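Undergrad: Sequence first, predicted coordinates after that:
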Amino acid sequence: MPSKAMMTGKYDMRMLTRLGKLEEEFRTFLADVWGVGDEDGLPDSLQELDFNDIMASGETPELRSNYLVEQLVKAEGYDASKKDRVDEAVQRTIQAIQKLEEDFVKIS
């Protein structure tokens, strides 16, 4: 039977993999919103936006949403015509992070 440490490592890797996939989907969606071919075409501030920063920005989805909106709105190339799509990106991302955290708690 695997040790608890091995099981925890397995779950940690699974969570990191899911987080990486979520981050990739987020950047792909932003590339579409910003009208660039891929994430390399995004403004530097969005390329450097780290999910750890989002998760650390607050304990509640509202605080995280506020932080993420702030980061997206101040990015180069943002204009009011992107508001609805940015709001969609924020909502999808915060919900996915919340689900990821809930799943992590279930297996801890």
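TA: Ah, there it is. Numbers count the residues shown, from 1 in each chain.
Undergrad: Every contact and neighbour count from this point should use C-alpha atoms.
TA: OK.
Undergrad: could you point out where the protein is predicted with low confidence?
TA: For the chain, the stretches flagged by pLDDT under 70 are 1-11, 106-108.
Undergrad: helices or strands next to the lengthiest helix in the chain in the packing?
TA: Secondary structure of the chain per DSSP state H: the longest helix is helix 4-34. When contacts are defined as 3 or more Cα pairs under 8 Å, 6 or more residues apart in numbering; DSSP states H and E, helix 4-34 packs onto helix 83-107.
Undergrad: now the helix it packs on against helix 4-34, angle please.
TA: 170 degrees (axes from the mean of the first three to the mean of the last three Cα atoms, to 10 degrees).
Undergrad: residues making contact with helix 83-107?
TA: Applying Cα atoms under 8 Å, 6 or more residues apart in numbering, the contact partners of helix 83-107 are 11, 15, 18-19, 22, 26, 29-30, 33, 55, 61, 64-65, 68-69, 72.
Undergrad: Give the buried residues for that helix.
TA: Neighbour-count burial for helix 83-107, counted by 16 or more other Cα atoms under 10 Å, picks out 86, 89-91, 93-94, 96-97, 100.
Undergrad: Done for today, thanks.
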